[in-house]
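1. Prediction below, plus the sequence it came from.
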Number of protein chains: 2
Amino acid sequence: MDADVIVVGGGVIGTAIAWRAARDGLAVTLIDPGGDDPRAGDKASLVAAGMLGPVSESVFGEQDLLNLNLHAIDRFPGFNRELEEAAGKSTGLRTEGTLAVAYDSGDLAALDRLTDFRRSIGLKAERLDARECRKLEPFLAPGTRGGVLATGDLSVDNRRYLAALRVAAAASGVRTLAGTVTAVNGGQVLVTPPGGLAARGTTLAASRVVVAAGHATRALDGVPAQVRTAIRPVKGQILRLRHPAGIPHLLTHTVRAIVQGHDLYFVPRADGELVVGATQEERDDRDVTAGAVHDLLRDATTAVPAVSELILAEASAGLRPGTSDNGPILGPVHDGSLIIAAGHFRNGILLSAVTADAVLALLRGRETHDAWAPFGPGRFQKAATT
Amino acid sequence: MDADVIVVGGGVIGTAIAWRAARDGLAVTLIDPGGDDPRAGDKASLVAAGMLGPVSESVFGEQDLLNLNLHAIDRFPGFNRELEEAAGKSTGLRTEGTLAVAYDSGDLAALDRLTDFRRSIGLKAERLDARECRKLEPFLAPGTRGGVLATGDLSVDNRRYLAALRVAAAASGVRTLAGTVTAVNGGQVLVTPPGGLAARGTTLAASRVVVAAGHATRALDGVPAQVRTAIRPVKGQILRLRHPAGIPHLLTHTVRAIVQGHDLYFVPRADGELVVGATQEERDDRDVTAGAVHDLLRDATTAVPAVSELILAEASAGLRPGTSDNGPILGPVHDGSLIIAAGHFRNGILLSAVTADAVLALLRGRETHDAWAPFGPGRFQKAATT
């Protein structure tokens, strides 16, 4: 045995699991293509914005996912507090909330429905007129018609969050290996070290293996076919802007808007970063394209014109691990030696804390939270009989 | 004496001078903040597109600069051939020419004037209708009204060109030092090594010092005040796009267009790079801004819609060394121990070959080409009496 638990994948899901398992006394090995460097590899965690809201267009009406997200947003601040203590560094959590703004009467009506819905499930939502919106966020374009302030929503700096998870994991004794896992079989994993085809794979063994490989779970031999085929990459392109000297921070809330039919968001950081996203493309390349950057900048400068003065620090693309029903996949497969924790789509950071809790429960033979019940890997069985 | 000649600045101007002087038997030391690495530092040479045409809006009517540019375009291919031989590598010279396209009748009239003007000075210019333009470049937007093909214009890959100059210089015995020159005095230069304020400066001595520091010439103690004040930084932002697998090269000619009043150019490379530029801003920062990238992408996708499919590989900003009369500054100052070769503005790569010829002539006590006569450093004397 090389460890009690091998975790495949070092994004926020895998690292959160590894940390909590090691903190609970298990010997954990984490394997990721980027090894010790949380910034290396093609992790969707790095391309994210870190917006943490339980309700968005994608879950409006998906009751099971909403329940899970509500469970996750309740849990996140406590988990994050423990993380910051364990890592000795900040994750950049912001609590100002999300301001969703509308530019026409159709958008306004949608915001009214959102407000009613949030209130019906016990979340805060405050309807604001145009003047109130611009009082909260003076750099919003003059055409803003009104908005909704969701004070319970959070945001976190996704890169600081992942870096903190890595520090906390290492401090709890997690051993991190650089390599690509190509197959899992019972408690064994086949690892190809970095640098290529010439190098021979190594086999590592543990009592339990947790697959948290995001969209790459699709390519992993030994994962049940119905799980692999349920996962699809959804490309997202995102911009990281920075404020040059002399320009005040343009936004303090997470701001969401629909601009020319595109769903746009801004996530501001205390350090002056402003994340703008994101495209959703059914593609599996990670190219940053001229067209996507153009559209994001066009929509962003339409909603907040002063954005044109900001520095374009980075444009990046990642592959979200989408699934055929948009919900994550969590639970044991085969004889229970293999646990799947993948398919978190747009909610990976929000769900990371409760995913780590749930996987630790599975590893320790305890029950997972009820909200996880609809998201077992077995739900794709029927679809896979063809 | 540390050398016969010290050259201050390792962009295309300084490196071309260093190479030709060393090749002629002089002991040459080249000093640049980036040291041996031609990609390091804030060189305008790296942000350029490498478009080589003697006639553009900026010189249309400036007869002296036009004469110099005509001298330069005649000289460039021979110089480049020697460079490729000496360096053993290609500079990516392209000879297909420049296609200037028009989108409205005002633009068309301007192109007619340009055609007449080019022919009047013996340059080639072929008026094309819309169909002929799109036959040459099928990815041009349908709204193209017509154009002019300038078959004598060239382009070179500015980064390969600079890299080749560095290799040729080193092969000829040029010694390259990393450091920032802060003062020149007679044949002496004061050099601050990289890494900062704590390090003490070193003084190096040579028979002659050549200042080819671009916009930074402005900050150099010992350069005559009237030369320093004549130089101004003109910020330019530029995009480097790449063709993803499966997308054919969109353009084969350098393409120029006026889009919504902005002068836009595309310079294609044989390796699949497509450079799009450029802003002209009277600023001295090197921030890549959201607004400039947006505008370049908007104009580029207007002129060549399929550009939206390309990869945005890089957005960068540089400071062109502009001067108060838009012409370069070349000639000896003080007792002749100091030679200025700066202020090449938008024409640095085009003028690099003839600048190296002229500086070598000065170093050897020979006459420079007549075309240089209007560009001596003494021309700013009167303006400096205040």
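-> Yep, that arrived.
2. which residues of the stretch 51-200 of chain A fall in helices?
-> Remark: helices of the stretch 51-200 of chain A, listed N- to C-terminal, are A:63-87, A:105-120, A:130-136, A:158-171; assignment by DSSP state H, counting those that start in this stretch.
3. Which of those helices has the lowest mean pLDDT?
-> Lowest mean pLDDT within the helices of the stretch 51-200 of chain A: helix A:105-120, a mean of 88.
4. thinking again about what came up before, can you tell me which of the helices of the stretch 51-200 of chain A is packed in deepest?
-> Highest mean neighbour count among those (mean count of other C-beta atoms under 10 Å in any protein chain shown): helix A:158-171, with a mean of 23. All C-beta atoms are positioned from the backbone trio N, CA, C, and that covers glycine.
5. got the angle between it and helix A:63-87?
-> 60 degrees (axes from the mean of the first three to the mean of the last three C-alpha atoms, to 10 degrees).
6. Residue of the stretch 1-150 of chain A nearest chain B, please.
-> Evaluated by C-beta to the nearest C-beta, the stretch 1-150 of chain A has residue A:139 as its residue closest to chain B, separated by 13.1 Å.
7. what's the closest non-adjacent residue to that residue?
-> The shortest distance from residue A:139 to any residue other than its chain neighbours is 4.5 Å, reached at residue A:250 (C-beta to C-beta, 6 or more residues apart in numbering or on different chains).
8. quick one: the one you found from chain B, how far?
-> Residue A:250 sits 11 Å away from chain B when distances are taken as C-beta to the nearest C-beta, to the nearest Å.
9. what's the answer for residue A:166, then?
-> With C-beta to the nearest C-beta as the criterion, residue A:166 and chain B are 29 Å apart.
10. residues touching the residue nearest to the spatial centre of chain A, list them.
-> If you average the C-alpha coordinates of chain A and look for the closest C-alpha using C-alpha atoms, centre = their mean, you land on residue A:348, 2.7 Å from that point. With contacts taken as C-beta atoms under 8 Å, 6 or more residues apart in numbering or on different chains, residue A:348 has the following neighbours: A:11-13, A:44-45, A:48, A:214, A:320-321.
11. Around chain B, which positions in chain A sit nearby?
-> Neighbours of chain B within chain A, by C-beta under 8 Å from any C-beta of the partner chain: A:239, A:241, A:244, A:285, A:287-291, A:293-294, A:297-298, A:300-301, A:307-313, A:315.
12. Tell me, how many residues neighbour residue A:104?
-> Around residue A:104 there are 11 other residues, counting by other C-beta atoms under 10 Å in any protein chain shown.
13. OK, contacts around the spatially closest residue to it that is not a sequence neighbour?
-> Leaving out its chain neighbours, the residue that sits closest to residue A:104 by C-beta to C-beta, 6+ apart is residue A:145, at 6.5 Å. Neighbouring residues of residue A:145 by C-beta under 8 Å, 6+ apart: A:101-105, A:107-108, A:130.
14. Which pLDDT value goes with the residue of the stretch 1-150 of chain A closest to chain B?
-> On the pLDDT scale, residue A:139 is placed at 97.
15. again, but for residue A:258
-> pLDDT, read off for residue A:258, is 85.
16. Does it touch residue A:109 like I think?
-> No. Shown here, residue A:258 and residue A:109 do not form a contact pair, counting by C-beta atoms under 8 Å, at 11.8 Å.
17. A strand includes residue A:276, no?
-> Yes. Under DSSP: H, G, I helix; E, B strand; the rest coil, residue A:276 sits within a strand.
18. The residue lying closest to residue A:276 once chain neighbours are set aside: what's it in contact with?
-> Counting by C-beta to C-beta, 6+ apart, the nearest residue to residue A:276 once its immediate chain neighbours are dropped is residue A:239, at 4.4 Å. Contacts of residue A:239 were listed using C-beta under 8 Å, 6+ apart, and they are A:275-277, A:293, A:296-297, A:300, A:312, A:314-315, B:290.
19. Point out where chain A drops to low pLDDT.
-> Scanning chain A for pLDDT under 70 picks out A:56-60, A:196-199, A:382-386.
20. From chain B, how far out is residue A:279?
-> In this structure, residue A:279 lies at 12 Å from chain B, with C-beta to the nearest C-beta as the measure.
21. er, residue A:261 actually
-> 17 Å.
22. same deal with residue A:322?
-> Going from residue A:322 to chain B by C-beta to the nearest C-beta gives 22 Å.
23. So that residue sits against residue A:343, correct?
-> Yes. With contact taken as C-beta under 8 Å, residue A:322 and residue A:343 are classed as touching, separated by 7.2 Å.
24. Now for those two: what residues contact both?
-> By C-beta under 8 Å, 6+ apart, residue A:322 and residue A:343 have these common neighbours: residue A:231.
25. So those two - more neighbours on which side?
-> Neighbours were tallied for residue A:322 and for residue A:343 using other C-beta under 10 Å; the higher tally belongs to residue A:343 (29 against 20).
26. distance of that one from residue A:112?
-> The span separating residue A:343 from residue A:112 equals 32 Å under the rule C-beta to C-beta, to the nearest Å.
27. rewinding a little: sort out which of the residues of chain A next to chain B are buried, if you could.
-> With neighbours counted using 16 or more other C-beta atoms under 10 Å in any protein chain shown, those contain these buried positions: A:239, A:241, A:287-291, A:293-294, A:297-298, A:300-301, A:307-312, A:315.
28. What is the burial count for residue A:362?
-> Burial of residue A:362 is recorded as 21 neighbouring residues (other C-beta under 10 Å).
29. helix or strand for it, which one?
-> Taking DSSP states H and E as the criterion, residue A:362 maps to helix A:348-363.
30. between that helix and helix A:63-87, what angle do the directions make?
-> Using the same axes, to 10 degrees: helix A:348-363 against helix A:63-87 is 90 degrees.
31. Okay, buried residues for helix A:348-363 please.
-> The neighbour-count criterion (16+ other C-beta under 10 Å) identifies A:348-360, A:362-363 as the buried residues of helix A:348-363.
32. Closest residue of the stretch 151-300 of chain A to chain B?
-> Going by C-beta to the nearest C-beta, chain B is nearest to residue A:291 of the stretch 151-300 of chain A, at 2.9 Å.
33. C-alpha coordinates for stretch A:128-139, PDB please?
-> Once side chains and other backbone atoms are set aside, the C-alpha atoms of stretch A:128-139 remain, and they are given as PDB (Å, rounded to 0.1, in the frame of the first residue of the first chain):
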ATOM      1  CA  LEU A 128     -33.400  48.400  -6.600                       C
ATOM      2  CA  ASP A 129     -34.300  51.100  -9.000                       C
ATOM      3  CA  ALA A 130     -31.800  52.500 -11.500                       C
ATOM      4  CA  ARG A 131     -30.700  55.300  -9.100                       C
ATOM      5  CA  GLU A 132     -30.100  52.800  -6.300                       C
ATOM      6  CA  CYS A 133     -28.100  50.600  -8.500                       C
ATOM      7  CA  ARG A 134     -25.800  53.400  -9.600                       C
ATOM      8  CA  LYS A 135     -25.500  54.600  -6.000                       C
ATOM      9  CA  LEU A 136     -24.200  51.100  -5.100                       C
ATOM     10  CA  GLU A 137     -22.000  50.900  -8.300                       C
ATOM     11  CA  PRO A 138     -21.400  54.400  -9.800                       C
ATOM     12  CA  PHE A 139     -19.500  53.000 -12.800                       C
END
